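Engineer: From the sequence below, what's the structure:
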Amino acid sequence: MRRLIPFALLIACGAGPAVSPPVVLRQTVPPAGSAGSGSGPAGNVQLKADVLAIAQDEDGGRKAVDIVRSLTDEVGARPAGSPADVLAIEWAERTMAGLGFSNVHREAVKVPRWERGVETASLVAPAQPLAMTALGGSIGTGEKGIEAEIVRVEDLEQLDQMDIKDVRGRIVYIATVMQKEQTMAGYGKAVAARVMGAIAGAKKGAAAVLVRSIGTDNNRLPHTGMVKMPEPADGLPAIPAAAIAIPDAEMLDRLVDLHKTVRVRLKLGCKRLPEGTSANVVGDFQGADKTDQIVLLGAHLDSWDLGRGALDDGAGVGIVLAAAKMVASRKTPRRTVRVVLFAAEEMSAAGARQYANDHAKEIEKHVAAIEADQGDGAPMQVRWLGGNDAHDLAKSIGDNASALGTVFEEEAAYGGTDIAPLLGQGVPVVDIVQDVTRYFDYHHTANDTFDKIDEHSISAASRAYAIAAWTLSESPTDLGRIPMARRTRR
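Structural biologist: Numbers count the residues shown, from 1 in each chain. Next up, the predicted model:
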């Protein structure tokens, strides 16, 4: 039997995480006894006093650190459907019950399974090893591997324009560079190269695809992530797909510029396994007088296998659990605050779809959904997507969280992968946009470990999520429903 470190002991002691200067609160919320600011739900004096108390609750926010430590130390990497995933589900049930959640339970989810296996890559001449890792869902190369000349393209658009005879039988190297930004915009611009690279290469007859890691670091640690393989209906063969570390990708760039012809030897032992079973883990802090109405906080429990899933998405798990606990610690919320730790976000988002199916009869009772999947970064913005008449309530969330440094943005919320099926059915979503400047230095790599967690920024993020959940739970009104024409992610 594997011995687990007691969660209470981890809270009481443990190694210190990475730190940055503490977030300085701005006194924008009037204390109890003063006049409320403005009209509508946010003008409630008691609500504003409660919001200020949450904003100042640094210890409550730091519970997220202890939660991430517990998850990464007691479980570690937890690919969906793996033995570690079973441990993670048990950990989630135990942790949520210990925090005081009610109705803690698992909801079964069928998930794809995949095994990494042996992976090597090297230049043929000059003979040098390449730091490489298979992309999740890729097929293997076979025992003999693949040796071929590479053809470099800057992006998928350039590959699409190439003549098939210039690609057939070669290894396509997609050299897309991800730019470092504070928001997820840089990732959004670059990630298609990884996700769609194998299909794009198969259309041109490529033997395999290598992608410059979708990340912003300069370490020889490649970034994995999901790749889509052609479906049988596409009439295309599945081809191996892998990512190479950024310094090695830049070496390939220089060698291609110098020699024009560069050969690579690639061997992947990865393979798909039979479908397995995982679970969404659900727990509630039940509401006082609007118990059947649900404010959902979500994060995903699974991770990739290379690191320990601290930033992705242990941080999100810590944030939503700490946020819900802070809400419940004030007093019983009016509406139920529910946390869902979703299964299999990394490989398929099967948990997201399964939750929407399992709860189809109560979708109309979900008054809002908020997802944490941006690491430990400090909160920067509040965005929303909901009914046409709900602007004032949405703005009040941003105003309430402004003490933590956020600003309210009129730009529509995007929602996350795990709440996308709810968005598609009209459930309003709120984004707490976090600072991801550091996030993609570690995302999907062996470096995604607990020491990267910043206790001050994750505490501030937890408090911002708690303020959003508290405001939505306590407000006499809600965010309505997303108009039909806007029920797709941008």
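
Engineer: From here on, just use CA atoms for contacts and neighbour counts.
Structural biologist: Noted.

Engineer: The nearest residue to Y187 once chain neighbours are set aside: what's it in contact with?
Structural biologist: Leaving aside its chain neighbours, Y187 sits nearest to M178 (6.4 Å; criterion: Cα to Cα, 6 or more residues apart in numbering). Contact partners of M178, counting by Cα atoms under 8 Å, 6 or more residues apart in numbering, are 186-187, 189-190, 214-216.

Engineer: one more time with 10 Å
Structural biologist: 185-191, 212-217, 440 (Cα atoms under 10 Å, 6 or more residues apart in numbering).

Engineer: can you tell me which two in the residues you listed are farthest apart?
Structural biologist: For these, the maximum inter-member distance is 17.9 Å, found between A185 and R212 (Cα to Cα).

Engineer: With neighbour numbers in mind, choose between those two.
Structural biologist: The neighbour comparison of A185 against R212 (other Cα atoms under 10 Å) goes to R212, with 27 against 13.

Engineer: I'd say that one and N218 touch.
Structural biologist: No. Between R212 and N218 there is no contact under Cα atoms under 10 Å: 11.6 Å.

Engineer: For these two, list the residues in contact with both.
Structural biologist: Taking Cα under 10 Å, 6+ apart as the contact rule, R212 and N218 both touch 245-248, 250.

Engineer: ok so, going back, over to the residue nearest to Y187: give its phi and psi.
Structural biologist: When quoted as degrees, to the nearest 10, the phi and psi of M178 stand at phi -90, psi 130.

Engineer: and the two most separated of the shared contacts of R212 and N218?
Structural biologist: Going by Cα to Cα, the pair spanning those furthest: A245 and E250, at 8.8 Å.

Engineer: and the strand or helix carrying N400, average pLDDT?
Structural biologist: Element membership for N400, per DSSP states H and E: helix 391-401. Averaging pLDDT along helix 391-401 gives 95.

Engineer: Helices of the stretch 201-350 of the chain, residue ranges please.
Structural biologist: Counting by DSSP state H, counting those that start in this stretch, the stretch 201-350 of the chain has helices at residues 246-259, 315-330, 350-358.

Engineer: Same question for the stretch 51-200 of the chain.
Structural biologist: 58-74, 83-98, 156-161, 185-190, 192-203.

Engineer: Nearest to A328, out of those?
Structural biologist: Here helix 58-74 is closest among the helices of the stretch 51-200 of the chain (Cα to Cα), at 11.1 Å.

Engineer: got the angle between the helix ranked longest in the chain and helix 391-401?
Structural biologist: Longest helix in the chain by number of residues, with DSSP state H as the criterion: helix 455-474. Computed by axes from the mean of the first three to the mean of the last three Cα atoms, to 10 degrees, the angle separating helix 455-474 from helix 391-401 equals 150 degrees.

Engineer: between helix 455-474 and helix 315-330, how big is the angle?
Structural biologist: With the same axes, to 10 degrees defining the directions, helix 455-474 sits at 50 degrees from helix 315-330.

Engineer: what angle separates helix 455-474 from helix 58-74?
Structural biologist: Using the same axes, to 10 degrees, helix 455-474 lies at 110 degrees relative to helix 58-74.

Engineer: Tabulate the helices of the stretch 51-200 of the chain in a markdown table, adding columns for mean pLDDT.
Structural biologist: Output for these, formatted as a markdown table (pLDDT from 0 to 100):
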| stretch | mean pLDDT |
| --- | --- |
| helix 58-74 | 97 |
| helix 83-98 | 98 |
| helix 156-161 | 98 |
| helix 185-190 | 96 |
| helix 192-203 | 98 |
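
Engineer: out of these, which comes closest to Q354?
Structural biologist: helix 83-98 (15.9 Å).

Engineer: Show me what that closest one is packed up against.
Structural biologist: If you count contacts as 3 or more Cα pairs under 10 Å, 6 or more residues apart in numbering; DSSP states H and E, helix 83-98 packs onto helix 7-12, helix 58-74, strand 102-115, strand 271-285, helix 315-330, strand 335-342.

Engineer: Please name the spatially closest residue to D373 (chain neighbours excluded).
Structural biologist: In space, D373 comes closest to G316 once its chain neighbours are excluded; the distance is 5.2 Å by Cα to Cα, 6+ apart.

Engineer: And for G61?
Structural biologist: Per Cα to Cα, 6+ apart, closest to G61 is S459, 3.9 Å.

Engineer: got the contact list for that neighbour?
Structural biologist: S459 makes contact with 22-23, 55, 57-65, 318-319, 322-323, 376-379, according to Cα under 10 Å, 6+ apart.

Engineer: List buried residues within these.
Structural biologist: 23, 55, 57-58, 60-65, 318-319, 322-323, 376-379 (16 or more other Cα atoms under 10 Å).

Engineer: returning to that earlier point: now the helices of the stretch 201-350 of the chain as TSV including distance to V51 and mean pLDDT?
Structural biologist: Output for the helices of the stretch 201-350 of the chain, formatted as TSV (distance: least, Cα to Cα, whole Å; pLDDT from 0 to 100):
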stretch	distance to V51	mean pLDDT
helix 246-259	43	96
helix 315-330	9	97
helix 350-358	30	98
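
Engineer: For G405, find the nearest of these.
Structural biologist: G405 sits nearest to helix 315-330 of all those, at 16.9 Å, using Cα to Cα.

Engineer: Done for today, thanks.
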